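Colleague: Can you look at this prediction? I've put the sequence above it.
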Amino acid sequence: QGSSPPCPGGRGPPAGAKERRRVGWPMGGGRDGFQPCAMDTGAAAPMPLWERNLVVTALVVHVLDVGLDLLVVMLFLAHMQWGFFFGTAGVILWAWLVSSLYISFGGGSPAPGDIDDGGVADRLPQFFLNFVQVQIFAEAYRCVFHNGDTDYFHTLRLMEAILESAPNSLVQLYALIIWAGTGDAPEGAAPLLRLSVFASFVSVGLGLAMWEQKVQFRTSSAYVAAVAVMRAFEIASRALTLAIFAGLTHPYGYWWALILDYGVMLFLIVRHQSVQFTYGLFVALPLVLVSLEPLVWRREDHAVPKDSYYMVRIFEFVVMWVLIVHKQDAVDAHIDSSSTWLGCEALALISTLGLYVTLPFVWRVARRHELSRDVADWGEDGVKEGLHGDLYSDSDLSSSGSDRARDDDRDGELPPE
């Protein structure tokens, strides 16, 4: 493989970029460089205004989503809804523990023996700071006010989205349908759950869209916004449909649906052979609710290819809705909760329609600018010229990659030492 120049403007990747993409998948990356640099000075390229605004927006969504999840936990505890309490609290603790371990001891930390590695004495404080959600504020401040590399911030946001927001949206929708929508629940339970679920949908959409942004060399705010909307529709469609199905088949349908889908995802991972089986056991968990990988990655780089994934989702949607329509009379018999059921059913259909209306447009742009997960050839014309198309423009390019037009004038020469 040989050595690589420190910026993507040359013939090779930035130092550490291949390693981060391989090790950090699907968690993003650590502090090793993915930020472009000016070829003549070596300084980091200025972060576009829209990318700064995206970081601030993502931080606000993160705070709202985590705060609402904690309020929901207190609601379940106060009214002794033990199943939902342990489910929601368990998801939160699981997400915070995994992200903290990853940042402190995994792909987000310096390698043992590295000059920047301070050992356990430095890693433990970092673990606790991340666990209590302080680290993400520090990273956001560094990104916005010091033009810092946003990879670390994106990693934290991505992990919160797929490990906490996505599963908690399903748990809370389930609670909304079979408990908060009835006369036994307190008056403010349903509005709080609806607000928390909505924040989770937005969090998942932003988290996955920001990962889509960071794996590309050049992208635009329009494309990132389109991906965020499409991904929000995706998690909304999946969570709402599963929650309605689980409510009709309570108490065992919820678990059977998740276990069977996990088995299907694991089968597709093994058949595709893009990741190791042991890693696939972990990746299959969030895949039960939402497809993880960026759409611009090649088909062979996905744990589960997008065409196979969405075909499974369409099949499951049809099967579950056949059962839902068949049991609609049972829903109408629940007078106290019929409005909640019908509202969730309407939103599930609308979000599914929104997903499959927006997906072809995003997919068309993504296929036009397809990238390898490992970026095997950084000298390809499509990489050096950046991503351009219906949703791309030169005026609002991301700082994620080489957005210096003068790079091409150097004919691939390496920058001076």
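Modeller: It's in.
Colleague: Would you state the strands of the stretch 101-250 of the chain in chain order?
Modeller: Counting by DSSP state E, counting those that start in this stretch, one finds no strands in the stretch 101-250 of the chain.
Colleague: where in it is pLDDT low?
Modeller: Counting by pLDDT under 70, the stretch 101-250 of the chain contains low-confidence ranges at 106-121, 149.
Colleague: and if we set it to 50?
Modeller: Counting by pLDDT under 50, the stretch 101-250 of the chain shows low-confidence ranges at 115.
Colleague: Sketch out the helices for it, chain order is fine.
Modeller: Here the stretch 101-250 of the chain has its helices, by DSSP state H, counting those that start in this stretch, at 120-131, 135-146, 151-160, 166-175, 189-214, 221-248.
Colleague: residues of the first one that come out buried?
Modeller: By neighbour count, and taking 16 or more other Cβ atoms under 10 Å as the criterion, the buried residues in helix 120-131 are 123, 126, 127, 129, 130, 131. Where you see a C-beta, it was placed from the backbone N, CA and C, and this is true even at glycine.
Colleague: mind checking how far the second one is from residue 217?
Modeller: Looking back up the chat, that one is residue 126. To residue 217, residue 126 is 30 Å away according to Cβ to Cβ, to the nearest Å.
Colleague: and what of the last one?
Modeller: Distance, residue 131 to residue 217, using Cβ to Cβ: 33 Å.
Colleague: repeat for residue 278
Modeller: According to Cβ to Cβ, residue 278 and residue 217 sit 31 Å apart.
Colleague: still on that earlier bit, mind putting the helices of the stretch 101-250 of the chain into JSON lines with distance to residue 358?
Modeller: JSON lines is the format used below for the helices of the stretch 101-250 of the chain (distance: least, Cβ to Cβ, whole Å):
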{"stretch": "helix 120-131", "distance to residue 358": "33"}
{"stretch": "helix 135-146", "distance to residue 358": "28"}
{"stretch": "helix 151-160", "distance to residue 358": "20"}
{"stretch": "helix 166-175", "distance to residue 358": "18"}
{"stretch": "helix 189-214", "distance to residue 358": "11"}
{"stretch": "helix 221-248", "distance to residue 358": "4"}
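Colleague: Of the buried residues of helix 120-131, which is the nearest to residue 55?
Modeller: The closest of the buried residues of helix 120-131 to residue 55 turns out to be residue 130 (Cβ to Cβ; 17.2 Å).
Colleague: ok, the closest one touching residue 155?
Modeller: No - judged on Cβ atoms under 8 Å, residue 130 makes no contact with residue 155 at a distance of 10.5 Å.
Colleague: Now for those two: what residues contact both?
Modeller: residue 103 (Cβ atoms under 8 Å, 6 or more residues apart in numbering).
Colleague: what's the closest non-adjacent residue to the residue nearest in space to the middle of the chain?
Modeller: In the chain, the residue lying closest to the centroid (Cα atoms, centre = their mean) is residue 208, at 3.2 Å. Sequence neighbours aside, residue 231 is the residue nearest to residue 208 in space, at 4.5 Å (criterion: Cβ to Cβ, 6 or more residues apart in numbering).
Colleague: Please give the number of neighbouring residues around that neighbour.
Modeller: If you count neighbours by other Cβ atoms under 10 Å, residue 231 ends up with 28.
Colleague: How about the contacts made by residue 348?
Modeller: Residue 348 neighbours (Cβ under 8 Å, 6+ apart): 236, 237, 240, 241, 244.
Colleague: Quick check, the second one in contact with residue 358.
Modeller: Just to be clear, that refers to residue 237. No - Residue 237 is beyond contact range of residue 358, at 11.3 Å (criterion: Cβ under 8 Å).
Colleague: These two - which one has more neighbours?
Modeller: More neighbours surround residue 237 than the other of residue 237 and residue 358, with 24 against 18 (other Cβ under 10 Å).
Colleague: What residues does that one make contact with?
Modeller: Applying Cβ under 8 Å, 6+ apart, the residues contacting residue 237 are 317, 348, 351, 352, 354, 355.
Colleague: please redo it, this time with the cut-off set to 7 Å
Modeller: Listed by Cβ atoms under 7 Å, 6 or more residues apart in numbering, the contact set of residue 237 reads 348, 351, 352, 355.
Colleague: ok, the third one to residue 185 distance?
Modeller: The reference is to residue 352. The gap separating residue 352 from residue 185 is 27 Å, by Cβ to Cβ.
Colleague: hmm, back to that, let me know which of the helices of the stretch 101-250 of the chain is the nearest to residue 82.
Modeller: Closest to residue 82 of the helices of the stretch 101-250 of the chain, according to Cβ to Cβ: helix 166-175, at 11.7 Å.
Colleague: same for the closest one, what does it pack against?
Modeller: Packing partners of helix 166-175 (3 or more Cβ pairs under 7 Å, 6 or more residues apart in numbering; DSSP states H and E): helix 82-105, helix 189-214, helix 221-248.
Colleague: for the one helix or strand residue 340 maps to, which positions count as buried?
Modeller: Assigned by DSSP states H and E, residue 340 belongs to helix 338-368. For helix 338-368, the neighbour count (16+ other Cβ under 10 Å) marks 340-341, 344-345, 347-348, 351-352, 354-356, 358-359, 362, 365-366 as buried.
Colleague: from the residues you listed, which is closest to residue 54?
Modeller: residue 362 (17.1 Å).
Colleague: for the closest one, what are its contacts?
Modeller: With Cβ under 7 Å, 6+ apart, residue 362 has these contacts: 226, 227, 230, 295.
Colleague: what's around the first one, how many residues?
Modeller: When you say that, I think you mean residue 226. 20.
Colleague: Kindly report the same for residue 243.
Modeller: Residue neighbour count, defined by other Cβ under 10 Å, stands at 24 for residue 243.
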